[in-house]
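Colleague: all I have is the shape, not the residue letters:
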C-alpha cells in the first residue's frame with residue numbers, strides 16, 4: 001500500500017514537473033515572439049510619430065509651398081569596421097517649407113573587395129522628424145560597393161508645411177539630416193591597404 005502511494009506521489013511530482021517545463025517553454029516562446037514583434041512595431045511607431053528624429057517616407061511632393069525658409073544641414077558618419085569614405089556633396093541648403101530638395105552623398109569603398117553597408121538616420125531637432133519627408137533615399141536599402149568603387153546617391157525630400165502649425169517648432173530655422181553607415185554582418189570582406197588617414201577606428205564625421 002505504501003509502495004502504491006509512493007508511486008502515485010512520484011507520478012504526480014513528475015506530472016507537475018512536465019507541466020512546469022511546458023509552461024516555461026510556452027512563456028519563453030511568447031517572450032521571444034514579442035521581442036521580434038517589438039522591433040517592427042517600434043520602427044512603425046517611429047515612422048508614424050517621428051519619435052527620436054525618425055524621418056517620414058512620402059510618395060508624392062508637397063502640394064503647397066509656404067513663405068518660411070529652413071536651412072538643411074547634411075551630416076555623414078562611418079562606423080568602425082566599414083572601409084568607406086562617406087560625405088555629403090554639399091554641407092547645407094536653404095529651402096522654402098514644402099519645396100522639394102535634391103541632395104547627394106558620395107560613397108567610396110576603400111577595400112580591395114566588395115563591401116556592404118546599411119545606415120541609420122535621423123534629424124535634429126528630433127521633433128522635426130515628423131515633418132521631414134523623404135521621396136527618395138539610399139537609406140531605404142543596403143548599399144553594395146565593389147572594390148574601389150565610388151558613387152553618388154541622391155536624397156530627395158521636403159519639409160511638410162504642417163510644421164507651421166506646430167508651435168513647438170516655430171523657432172526652428174535649421175534641421176540637420178544625419179546618417180551613420182555600419183557594415184552588414186557577413187558582408188564585409190577583410191580590408192586591405194587603407195590609407196593611413198582612414199585607419200582610425202572612430203566614426204568619420206564630415
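Modeller: Alright, I've got the coordinates. Model, not experiment: these values are computed from the prediction.
Colleague: name the residues of the host helix or strand of residue 107 that are buried.
Modeller: Here residue 107 sits within strand 101-109, counting by DSSP states H and E. Judged by neighbour count using 16 or more other CB atoms under 10 Å, the buried positions of strand 101-109 are 101, 103, 105, 107, 109. Just so you know, the C-beta spots here come from the backbone N, C-alpha and C atoms, and that holds for glycine as well.
Colleague: partners of the helix or strand just after that strand, with directions?
Modeller: Counting by DSSP H and E, the element after strand 101-109 in chain order, helix or strand, is strand 115-124. Each strand paired with strand 115-124, and its direction, by DSSP bridges: strand 143-145 (antiparallel), strand 174-183 (antiparallel).
Colleague: and the angle for the last one with strand 101-109?
Modeller: For the pair strand 174-183 and strand 101-109, the angle between their directions (axes from the mean of the first three to the mean of the last three CA atoms, to 10 degrees) equals 30 degrees.
Colleague: give me the pLDDT for residue 196.
Modeller: On the pLDDT scale, residue 196 is placed at 37.
Colleague: same question, residue 54
Modeller: 75.
Colleague: I'd say it and residue 122 touch.
Modeller: Yes - the pair residue 54 and residue 122 qualifies as a contact (CB atoms under 8 Å) at a distance of 6.1 Å.
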